[in-house]
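Asks: Return a 3D structure for these sequence lines:
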Amino acid sequence: MTAAARTPTKVPARQLDWSTWPVLNRWQVEADHPVLAGHFPGQPVVPGALLLSWLASDVRRATGREVLEIREARFQGAALPGATLESRTSASASAMRFVIIEAGTPARVVASGSLVLSGEEAAP
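Replies: You can find the predicted model right below:
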């Protein structure tokens, strides 16, 4: 078998038209947020885990349902201190696709993916 035969074929990522999805929330990344001091000193970047934590909280607040699983998460760009971020979602019965963008002209995708949601509203 040749090297070319072993190389997997790249399939282009499906482009989503998230511009029509409703806005779940907007966040302002404060320049003095404590997590930025250690991620990374001198060149701070908002950790992806923090973005997903904010998103899960917003999903719970908006739908009353818990995020059971992060099925997929892709980080396409860095969220920097001072950025205004916006989460947009598209939901089905048990799942939700999301995109986190840096608001602006043009908007820039920071992260996208899909979540599995609980079947019932969470207790208050």
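Asks: quick one, helices of this structure?
Replies: 3-6, 48-63 (DSSP state H).
Asks: deepest of the ones you listed, which one?
Replies: Each of the helices of the chain was scored by mean neighbour count; the highest is helix 48-63, a mean of 17, by mean count of other C-beta atoms under 10 Å. C-beta: built from backbone N, CA, C; applies to glycine.
Asks: Run through the strands of this structure in chain order.
Replies: Counting by DSSP state E, the chain has strands at residues 23-28, 67-75, 84-91, 95-102, 108-117.
Asks: would you list the ones you listed in TSV and tack on mean pLDDT?
Replies: Formatted as TSV, the strands of the chain follow (pLDDT from 0 to 100):
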stretch	mean pLDDT
strand 23-28	94
strand 67-75	96
strand 84-91	95
strand 95-102	95
strand 108-117	95
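Asks: Out of those, which is the most enclosed?
Replies: The most buried stretch of the strands of the chain, if neighbours are counted by mean count of other C-beta under 10 Å, is strand 95-102, with a mean of 22.
Asks: Helix 48-63 and that one, what's the angle between them?
Replies: Computed with axes from the mean of the first three to the mean of the last three C-alpha atoms, to 10 degrees, the direction of strand 95-102 lies at 120 degrees from that of helix 48-63.
Asks: which helices and strands sit right next to strand 95-102?
Replies: helix 48-63, strand 84-91, strand 108-117 (3 or more C-beta pairs under 8 Å, 6 or more residues apart in numbering; DSSP states H and E).
Asks: Which strands border it, and is each parallel or antiparallel?
Replies: Pairing partners of strand 95-102, with direction, according to DSSP bridges: strand 84-91 (antiparallel), strand 108-117 (antiparallel).
Asks: Just put these in TSV and tack on distance to Gln43.
Replies: Listed next are the strands paired with strand 95-102 as TSV, based on distance: least, C-beta to C-beta, whole Å:
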stretch	distance to Gln43
strand 84-91	18
strand 108-117	16
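Asks: what's the closest of those to Val45?
Replies: For Val45, the closest of these is strand 108-117, at 10.4 Å, according to C-beta to C-beta.
Asks: Give me the residues contacting the closest one.
Replies: By C-beta atoms under 8 Å, 6 or more residues apart in numbering, the residues outside strand 108-117 that reach it are 16, 18, 48, 51-52, 55-56, 59, 63, 65-79, 85, 91, 94-102.
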